[in-house]
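here is my input; please provide its structure:
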Amino acid sequence: MNQIRQWIDEGRITDAIELLNDYLATHPDSDEALYLRGRAHRKAGRIREAINDYLASAAINPDGPAARAYRMEIEIMDFYDRNLYNP
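Residues are numbered from 1 along each chain as shown. Next up, the predicted model:
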């Protein structure tokens, strides 16, 4: 998982997601892998996929980092002011 974290930090998102997908195929209950894939999706701007992975990870480990990441994404979305885009 350290290599995957490094790849995410370096912006090697596609490589990280491919490796995580392979890992999750045989370890579907890995909350850490789901969280890391969520981080990778988030860094790539795929918020919906990130939230889905954070939720799946948090369902396995409610006290893990994915639960905090999910709450943070929701807070960001709640901060969005729709009136700014409606003339």
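
for L24, give me phi and psi.
Phi and psi for L24, reported as degrees, to the nearest 10, are phi -70, psi -20.

what does N61 give?
When quoted as degrees, to the nearest 10, the phi and psi of N61 stand at phi -130, psi 90.

now do the SS call for P28.
coil (DSSP: H, G, I helix; E, B strand; the rest coil).

just give me the residue closest to the centre of this structure.
By Cα atoms, centre = their mean, the chain has its centre lying nearest to G38, at 1.5 Å.

tell me the contacts of it?
Contacts of G38 were listed using Cβ atoms under 8 Å, 6 or more residues apart in numbering, and they are E49, A50, I51, N52, D53, Y54, S57, A66, A69. C-beta here means a position set from N, CA and C on the backbone, and glycine is covered the same way.

which of those residues are buried, as a PyMOL select command?
Buried residues among these (16 or more other Cβ atoms under 10 Å), as a PyMOL selection:
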select buried, resi 49+50+51+52+53+54+57+66+69
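
between the contacts of G38, which is nearest D31?
The closest of those to D31 turns out to be S57 (Cβ to Cβ; 4.4 Å).

against which helices or strands is the helix or strand of the chain with the lowest mean pLDDT packed?
Least confident helix or strand, the chain: helix 65-79 with a mean of 87, by mean pLDDT, DSSP states H and E. For helix 65-79, the elements it packs on are helix 31-43, helix 47-60, judged by 3 or more Cβ pairs under 8 Å, 6 or more residues apart in numbering; DSSP states H and E.
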